[in-house]
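Student: Show me the folded form of this:
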Amino acid sequence: MLRLVGILLAVVAAIVAAVLTWPSFFRLERTFPVAQIVSFRPVLVAVLVAAAVLFLLVAIIRPLRAFALTLVLICVAASAVSLTTVVGRGIGTQTLPEKGEGSIRVMTWNTAGEATTAESIARVAVAMDADVVTLPETTIETGEQVAIAMRELGHPMWAHHTEYFPGEGWDAHSTTLLITPDLGDYSVIESSVNGTTNTSTLPSAVAMPVDGEGPIVVAAHAVAPRREYMDQWRTDLQWLADQCADQNVIMAGDFNATLDHMSGLGVDGGDMGRCRDAASRTGNGSVGTWSTSMPALLGAAIDHVMVSAQWTPTASVVLRTMDDSGSDHRPLIVQLDPAG
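Tutor: You can find the predicted model right below:
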């Protein structure tokens, strides 16, 4: 009887490990609570390694040896696969090359509203020589202050935004977008301003070039996958993927999702629609942008810059020097070059 119970428990453990290691195979990557657990894949690796060590110690007890060693093998296999995924996506690069002809830099930073000052945002954006800055949870008033501060630092930007429930006072209902005049004039499309087509709970801004020549720029903000918001979160991710139907799109912001959650949302080799994740293609795909209360290599990589075929990601940086700025997110900066 005990042997049968041991076999059953080992089978259950193997299934759980497989689901958490390869959730997309079981189509559970956007299902509670799997979605929440796999957000922290590096932590999962550490937990599996610790469990393997624990079960190895339990194997000293002779009656439990076979059962314990089976669990050790399951934990080692699952941790090895997850570690391979983590390393493959990139565990950190810290430098950006000089800009070439046509290069642009995109910065995204969920500022947590008033927690981050306009001056801090402006100084980071100027230091990074950013051409596009997406700022979820930032009001247009703060965005205009950032633009003014950047102009005074010799780096002018145009400020755009979208907002749900104007006057309510919750900064999370605002998303601001700054674009350099060098890319031309832009306008946020009406449907994303009035919310007739947008992310469900927190606003995203879709900015179109007035002259029709520049990239479509999307400042993204999906709702967090709390249990009561799972349906809205899934809808938000699909809506964001749908914005990447064009060949010339730059989408950046707080997706509240890692690459694990995006399985099945890409087409033609993309991660979200036709857009590809820039950080994972430049060595930073596993560096946590949230939360700053955790070491970067244990956090969740939920802030992204996504680009379609006309852009090639050449480098990226997740800034860890701003962890005391007030926001619980780290800024992500990506350098893009025209494809071909």
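
Student: And for residue 52, the neighbour number?
Tutor: 18 (other C-beta atoms under 10 Å). To be clear about C-beta, it is placed using only N, CA and C from the backbone, and glycine gets the same treatment.

Student: What distance do you get for the nearest residue to it once chain neighbours are set aside to residue 15?
Tutor: Closest residue in space to residue 52, ignoring its immediate chain neighbours: residue 75 at 3.8 Å, by C-beta to C-beta, 6 or more residues apart in numbering. Distance, residue 75 to residue 15, using C-beta to C-beta, to the nearest Å: 14 Å.

Student: repeat for residue 61
Tutor: 25 Å.

Student: swap in residue 103?
Tutor: Taken as C-beta to C-beta, the span from residue 103 to residue 15 is 47 Å.

Student: who's more crowded, the two?
Tutor: Each of residue 103 and residue 15 has its neighbours counted (other C-beta under 10 Å); residue 103 has more, 19 against 12.

Student: Tell me the bridge partners for the residue nearest to that one when sequence neighbours are not counted.
Tutor: Of all residues not flanking residue 103 in the chain, residue 337 sits nearest, at 5.2 Å (C-beta to C-beta, 6+ apart). Beta-bridge pairing for residue 337 (DSSP bridges): residue 312.

Student: number of nearby residues for residue 337?
Tutor: 17.

Student: same deal with residue 43?
Tutor: For residue 43, using other C-beta under 10 Å, the count is 16.

Student: List the residues that contact the nearest residue to it once chain neighbours are set aside.
Tutor: The shortest distance from residue 43 to any non-neighbouring residue, by C-beta to C-beta, 6+ apart, is to residue 298 (5.4 Å). By C-beta atoms under 8 Å, 6 or more residues apart in numbering, the contact list for residue 298 reads 40, 42-43, 46, 288.

Student: Give me the distance between residue 298 and residue 47.
Tutor: In this view, residue 298 and residue 47 are 11 Å apart by C-beta to C-beta.

Student: Kindly report the same for residue 283.
Tutor: Distance of residue 283 to residue 47, given as C-beta to C-beta: 25 Å.

Student: buried set for stretch 210-222?
Tutor: In terms of neighbour count (16 or more other C-beta atoms under 10 Å), stretch 210-222 has its buried residues at 214-222.

Student: As TSV, those residues with pLDDT would be great.
Tutor: TSV is the format used below for these (pLDDT from 0 to 100):
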residue	pLDDT
214	89
215	95
216	96
217	97
218	97
219	97
220	97
221	97
222	97
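
Student: And the furthest pair within the residues you listed?
Tutor: Greatest spacing in the buried residues of stretch 210-222, by C-beta to C-beta: 214 and 222 (24.3 Å).

Student: can you pull out the strands in the stretch 151-300 of the chain?
Tutor: Taking DSSP state E, counting those that start in this stretch, the strands of the stretch 151-300 of the chain run over residues 158-163, 174-179, 186-188, 205-209, 216-221, 249-254, 276-277.

Student: Give me the secondary structure label for residue 316.
Tutor: Secondary structure, DSSP: H, G, I helix; E, B strand; the rest coil: residue 316 is strand.

Student: In the helix or strand residue 9 falls within, which residues are buried?
Tutor: Assessed by DSSP states H and E, residue 9 sits inside helix 2-21. Buried residues in helix 2-21, counted by 16+ other C-beta under 10 Å: 6, 10, 13-14, 17-21.

Student: That one packs against which elements?
Tutor: helix 34-38, helix 65-89 (3 or more C-beta pairs under 8 Å, 6 or more residues apart in numbering; DSSP states H and E).

Student: is it possible to export those to CSV including mean pLDDT, mean neighbour count and distance to residue 178?
Tutor: CSV is the format used below for the helices and strands packed on helix 2-21 (pLDDT from 0 to 100; neighbours: other C-beta atoms under 10 Å; distance: least, C-beta to C-beta, whole Å):
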stretch, mean pLDDT, mean neighbour count, distance to residue 178
helix 34-38, 97, 19, 31
helix 65-89, 95, 18, 28
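
Student: ok, back up a step: out of the strands of the stretch 151-300 of the chain, which is closest to residue 32?
Tutor: It's strand 249-254; of the strands of the stretch 151-300 of the chain, that one is closest to residue 32 (C-beta to C-beta) at 19.5 Å.

Student: Not counting its neighbours along the chain, what's nearest residue 331?
Tutor: Once flanking residues are discounted, residue 331 sits nearest to residue 109: 4.0 Å by C-beta to C-beta, 6+ apart.

Student: Surely the one you found and residue 137 touch.
Tutor: No: between residue 109 and residue 137 there is no contact under C-beta atoms under 8 Å: 9.4 Å.

Student: I'd assumed residue 45 was in contact with the residue nearest to residue 52.
Tutor: No: using C-beta under 8 Å, residue 75 is not in contact with residue 45; the gap is 10.2 Å.
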